[in-house]
Structure formats: structure tokens, C-alpha cells
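Enquirer: kindly generate the corresponding structure for this input.
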Amino acid sequence: MSPTRTWGVRVDPAAAGPLNMARDHAMALSVGTGSGSLRWYGWRTPTLSLGRNEPAVGRWASERLAAEGVDVVRRPTGGRAVLHHRELTYALAVPAEGPGSVRRLHSAAGAALTEGLRRLGVPAALAPGGPAHAPDAGPCFRTPAAGEVIVGGRKLVGSAQVRVEGKLLQHGSILLQDDQRLLARLVASPRSAGADEASSTFLGAWLDPVPSWDALVEVFTSAFRDTLGGDWHGASAAITLDPALVESLERHYRSSAWTWRR
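Expert: Predicted structure coming up:
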């Protein structure tokens, strides 16, 4: 990342899926030239999030989602289904800076996340290269994609990206506990989503006890700062988002026409 970039950090309380996606989207739209934004947040209720172009109709059972108390939202980013619950979620936004900027952001975030886990004593690494996964290839944590964070050969952090109005947004889940297996009970049929999560892992499998949410935010923010470089002076000041923009985007992400569009 640019050594002259000025960074801001925002930490939000747990919120519903549409508001979380609206805030991420608004943060990306709001990031200025020569700056970057890092946001940490959680989820108020267990929430299934779908990738922007991931099939949903006939794949995920709305009645089972309701019975399990799981909300559903479609992300602005690509990638595949994730069950958000006991996790630490990050969002990173920067201006797009020419060809290859998506790859550079992905690599920089992966390096920072790996460094944060190592500081916690977790032997994290980045998954080797391989073919990209199609949107209908099953849940996100089923298999790691190239450059994603793995521990013991299993995926611990899942991330997704989007380019929007000349800005880049990447967000992702740092799993704290083993929640992804619930996905197998949410599919319309066992064969429709391939929801076997045996290849994923979680922080609680490597740390006992898992550090507090605030402690994790501190460790990972420090790892992002030291890995990405730039000016983090005053980064503790909250990133301000336009309430009207957030409200408009939240309506979009609450829309069933968007969520179930495919």
C-alpha cells in the first residue's frame, strides 16, 4: 500500500446485516484520494450473507433460516455464503489506483491479518495459488482461495472485494468459534450448496481462552498499521459517515428484491 496514505479507523457495535453492509458501502464511497479506512464490527444476530452474484433462490431455505433465528443479507462484494455470528469482522476501503489494485489490496490485507494472528501466537499463513472459485461453488469457508488466511491448512479468515465508483472495498470474517457448520441446516437440500465446512477452522481451536473482542481489535489494528504503513496519526478518531447515505444504502440492503435477486 502507499507509504503516504492517511488512515482512519472506525469501531462499531454489533448491528443487523443491512446496516453493516450499508456502513461498509458508505465507507468505501466516502474514502478520499490518498486516504484509507479500516472498520471493525460485529453482528447483532446470526446472519447468512450472500455474495453479490451468488445464487440464492432454491439454494437457501427461508423457512429454515427463520426456524434457526438466522437473518439473511446480500453483500455488495463477491464471494460465497458466510454465516456471521461469533466473529470479528473487518472492512478496508481505499481509492482504486490503476490495474492490479484489487490484487494489491487483497495481498496487503492478507499480510496484515496473518501478522495479527501470529502476534496472538496462531501459526497463520496464506493459501497457495489456485483457480478462482465460481459464485455457485458452495459456502465461503468450504475451501480457501489463493491468498486467503489459513491455519493448519484450514481457512480461518474469509474475504471478499468489490470496486465501486472508483473505490475498493474488501471485508471479511475472522472466525472466533465454530459456527459455519450451521450452514448445512439452512440449505434447501443437502446437495444444493455443498455445505460441508470440515476444511475451516476458528480462533477458539488455537487459543483458550479467545482474547476479548476489544483486545482483538487492538492487536489486528496494530498489525494493519505496521503492515500497510502510511500515516495513522489520529486514526483513533472515528470515521464519519453521511447518515443520509447510510440510510439510503440500508434500505437497499433490506430489500428482498436485492437479497433474493438470484
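Enquirer: buried stuff in stretch 144-154?
Expert: Pro144, Ala145, Gly147, Glu148, Val149, Ile150, Val151, Arg154 (16 or more other C-beta atoms under 10 Å). (Glycine included, C-beta is placed from N, CA and C.)
Enquirer: list just the nearest of those to Tyr41.
Expert: Nearest to Tyr41 among these: Val149, at 18.5 Å, using C-beta to C-beta.
Enquirer: which ones are touching Glu68?
Expert: Counting by C-beta atoms under 8 Å, 6 or more residues apart in numbering, Glu68 makes contact with Pro46, Leu182, Arg185, Leu186.
Enquirer: turn those residues into JSON lines, columns for neighbour count, secondary structure and pLDDT.
Expert: Formatted as JSON lines, those follow (neighbours: other C-beta atoms under 10 Å; DSSP: H, G, I helix; E, B strand; the rest coil; pLDDT from 0 to 100):
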{"residue": "Pro46", "neighbour count": "18", "secondary structure": "coil", "pLDDT": "97"}
{"residue": "Leu182", "neighbour count": "16", "secondary structure": "helix", "pLDDT": "90"}
{"residue": "Arg185", "neighbour count": "14", "secondary structure": "helix", "pLDDT": "87"}
{"residue": "Leu186", "neighbour count": "24", "secondary structure": "coil", "pLDDT": "91"}
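Enquirer: returning to what we had before: among the buried residues of stretch 144-154, which are in strands?
Expert: Val149, Ile150, Val151, Arg154 (DSSP state E).
Enquirer: state which helix of the chain is the longest.
Expert: Secondary structure of the chain read by DSSP state H shows that its longest helix is helix 101-119.
Enquirer: off-centre distance for that one?
Expert: Taking C-alpha atoms, centre = their mean, to the nearest Å, one finds the center of helix 101-119 at 13 Å from the center of the full chain.
Enquirer: can I get the CA coordinates of it in PDB?
Expert: This file holds the C-alpha atoms of helix 101-119, laid out as PDB (Å, rounded to 0.1, in the frame of the first residue of the first chain):
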ATOM      1  CA  SER A 101      -5.200  -2.500  -7.300                       C
ATOM      2  CA  VAL A 102      -7.700  -5.200  -6.300                       C
ATOM      3  CA  ARG A 103      -4.900  -7.800  -6.100                       C
ATOM      4  CA  ARG A 104      -2.700  -5.400  -4.200                       C
ATOM      5  CA  LEU A 105      -5.400  -4.700  -1.600                       C
ATOM      6  CA  HIS A 106      -6.100  -8.400  -1.200                       C
ATOM      7  CA  SER A 107      -2.400  -9.200  -0.700                       C
ATOM      8  CA  ALA A 108      -1.900  -6.300   1.800                       C
ATOM      9  CA  ALA A 109      -4.900  -7.300   3.800                       C
ATOM     10  CA  GLY A 110      -3.900 -10.900   3.900                       C
ATOM     11  CA  ALA A 111      -0.400 -10.000   5.100                       C
ATOM     12  CA  ALA A 112      -1.900  -7.800   7.900                       C
ATOM     13  CA  LEU A 113      -4.400 -10.400   9.000                       C
ATOM     14  CA  THR A 114      -1.600 -13.100   9.100                       C
ATOM     15  CA  GLU A 115       0.600 -10.800  11.100                       C
ATOM     16  CA  GLY A 116      -2.200 -10.100  13.600                       C
ATOM     17  CA  LEU A 117      -2.800 -13.900  14.100                       C
ATOM     18  CA  ARG A 118       0.900 -14.500  14.500                       C
ATOM     19  CA  ARG A 119       1.100 -11.800  17.200                       C
END
